[in-house]
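> Sequence and predicted model, in that order:
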Number of protein chains: 2
Amino acid sequence: MKTTQNIQVAVDAIVFGYSKEEGVSVLLIKRKYAPFKGNWAIPGGFVLDDESLEEAVERELLEETGVKINYLEQLYTFGKPNRDPRRRVISVAYFGLVKSKQFEKLKASTDAEEAKWFNIKELPSLAFDHDKILDMAIERIRGKIVYQPIGFELLDKKFPFSDLEHLYATLLDRPVDRRNFKKKVMHLGILDELDEKAKSSGAGRPGNLFQFNKATYDKLIRDGMHFEI
Amino acid sequence: MKTTQNIQVAVDAIVFGYSKEEGVSVLLIKRKYAPFKGNWAIPGGFVLDDESLEEAVERELLEETGVKINYLEQLYTFGKPNRDPRRRVISVAYFGLVKSKQFEKLKASTDAEEAKWFNIKELPSLAFDHDKILDMAIERIRGKIVYQPIGFELLDKKFPFSDLEHLYATLLDRPVDRRNFKKKVMHLGILDELDEKAKSSGAGRPGNLFQFNKATYDKLIRDGMHFEI
DNA sequence: ATATAATTGCGTTTATTTTACGCAATTAAC
DNA sequence: GTTAATTGCGTAAAATAAACGCAATTATAT
């Protein structure tokens, strides 16, 4: 009742990073081997027989880019018969987030000739059907940030409030009223205001640092709270 | 750089149906073969080398249950190494909807000894990790019905307004104010009110039939409309 | 030192949306 | 004809979101 299948299973990871200077960026690699040698692509690779999909993602990311992700969720599985010119490959795409601090250290290796962050407004065209995958990931992060607290996964553990505001404005690509935004976010009751001040990042009055309180968030969610920005 | 993989790719389909009398139901099959012989399970099977994932879902569903689905979307991919006791299987789960009319005609065959609709409030425990998959599907349909017009895919093409109201109340498992609900839905401008009256389904005053206008919906969405119930 | 520009912190007012609920009209069943 | 069920249309109050004012704090330039 089952014919021997000839399908390979891969994972891909669309990883986003953020900094106030660079905006929202995505991690891409330049392919070292054919097909699409020299083209930019989403990092990823084949799943080993005894590892979970998530383990495969983390392994491939570390191998190809040196990056450790902070948040990972499944995006979509792409399985059209001819998406890879060599053979049938279905690819389970994940979408991941890294914290600001991790943002710089990249070291390409194995299948990747180079790893690099690209601002999501200045993307090259990609190998395979990776353009489509990336589009879907960008749509997902934009859609999700308003009803799930994933924005905090892109910031450092402690951050000035203005960073959060700037992240939302950048990602949603629209102005955010500072006062209403702060009212809304603080009213959720999931941010702890610390006693430390941010080290002056230039001009202006430095404010306190804030920190996302996941335990409180989980508790509130259990009690029926509805997160929305 | 790539070791020969020994992973099988399957698809599963969680199919929901609805009728005013039976409520929201899900289509399950009783397994004819080991493992889990005689257990209820989600319909599905292995993907053939040259078919897309969606084609595989439709083929398996037709084979195992005789049902043709009206709406199909990908749910999640399950890939933990030991979810199938025989060998490594990753399963791409889809979630589908059928219209009320299709609701009755079931004919089990191939791997299925029997196919049957189960109300989502009276579910048996299932083979493999199918309980988890089904939970996720129920969560998805509940979550999605409020921000995407998928409810109409469960009703017949023409339906009395009260059916729509009853569907939302049943699925969301909370009372819906008839007047506010109608105001909200009609204000979206995506339902055509027909001149036909529903044939009296019992007592009370019969109202007009309504019909979802997908063309209008698509146009409004392009113009930035936001569907929400 | 002092003025200037940048940024934070705390408000108020107005508009919009959601929720709660009243009540007459139509129809089938008794 | 009366009753029960259901539809169709509305209004008032409550909650939420949007628009905007302005003083306080701090680094930088003069």
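Arrived safely. Numbers count the residues shown, from 1 in each chain, chains lettered A, B, ... in the order given.
> and the residue in chain A that DNA strand D sits nearest to, what element?
Going by CB to the nearest atom of the strand, DNA strand D is nearest to A:R205 of chain A, at 2.8 Å. C-beta: built from backbone N, CA, C; applies to glycine. Assigned by DSSP states H and E, A:R205 belongs to neither a helix nor a strand.
> count of residues packed around it?
6 (other CB atoms under 10 Å in any protein chain shown).
> ok, is the longest strand seen in chain A in contact with DNA strand C or not?
The longest strand of chain A (DSSP state E) is strand A:8-19. No: judged by CB under 7 Å from any atom of the strand, strand A:8-19 makes no contact with DNA strand C; its nearest approach is 14.8 Å.
> Confirm that A:D192 sits in a strand.
Yes: assessed with DSSP: H, G, I helix; E, B strand; the rest coil, A:D192 lies in a strand.
> wait, isn't it in contact with A:A215?
No: A:D192 is beyond contact range of A:A215, at 10.3 Å (criterion: CB atoms under 8 Å).
> quick one, which of these two is more surrounded?
Higher neighbour count among A:D192 and A:A215: A:D192, with 13 against 8, using other CB under 10 Å.
> List of residues touching the helix or strand hosting A:L171?
A:L171 belongs to helix A:161-172 when assigned by DSSP H and E. Contacts to helix A:161-172, defined as CB atoms under 8 Å, 6 or more residues apart in numbering or on different chains, come from residues A:18, A:20, A:23-24, A:141-142, A:145-146, A:151-152, A:154-155, A:175-176, A:178, A:181-182, A:185, A:207-208, A:210, A:229.
> cool, stretch A:133-148 as well?
A:12, A:14, A:16, A:24, A:26, A:42, A:75-76, A:78, A:91, A:93, A:95, A:97, A:120, A:123, A:126, A:150-151, A:168, A:171-172, A:227-229.
> for stretch A:72-87, same thing?
The contact list for stretch A:72-87 (CB under 8 Å, 6+ apart) reads A:6, A:8, A:13-14, A:35, A:53-54, A:57-58, A:88-97, A:128-129, A:132-133, A:136-137, A:140, B:9, B:47, B:49-53, B:74, B:76-77, B:92.
> where's A:V47 relative to B:V67, distance?
32 Å (CB to CB, to the nearest Å).
> The two: which has the busier surroundings?
For A:V47 versus B:V67, the count of surrounding residues by other CB under 10 Å is larger for A:V47: 26 against 23.
> circling back to that earlier point, mind listing which of the contacts of helix A:161-172 are in helices?
Per DSSP state H, helices hold the following members of those: A:I141, A:R142, A:R178, A:F181, A:K182, A:V185.
> give me every residue that touches the third one.
This points to A:R178. A:S162, A:E165.
> Now with 10 Å, please.
Residues in contact with A:R178 (CB atoms under 10 Å, 6 or more residues apart in numbering or on different chains) are A:F161, A:S162, A:E165, A:H166, A:A169.
> before we move on, what about the last one?
With contact taken as CB under 10 Å, 6+ apart, A:V185 is in contact with A:P149, A:G151, A:F161, A:L164, A:E165, A:Y168, A:L191, A:F210, A:F227, A:I229.
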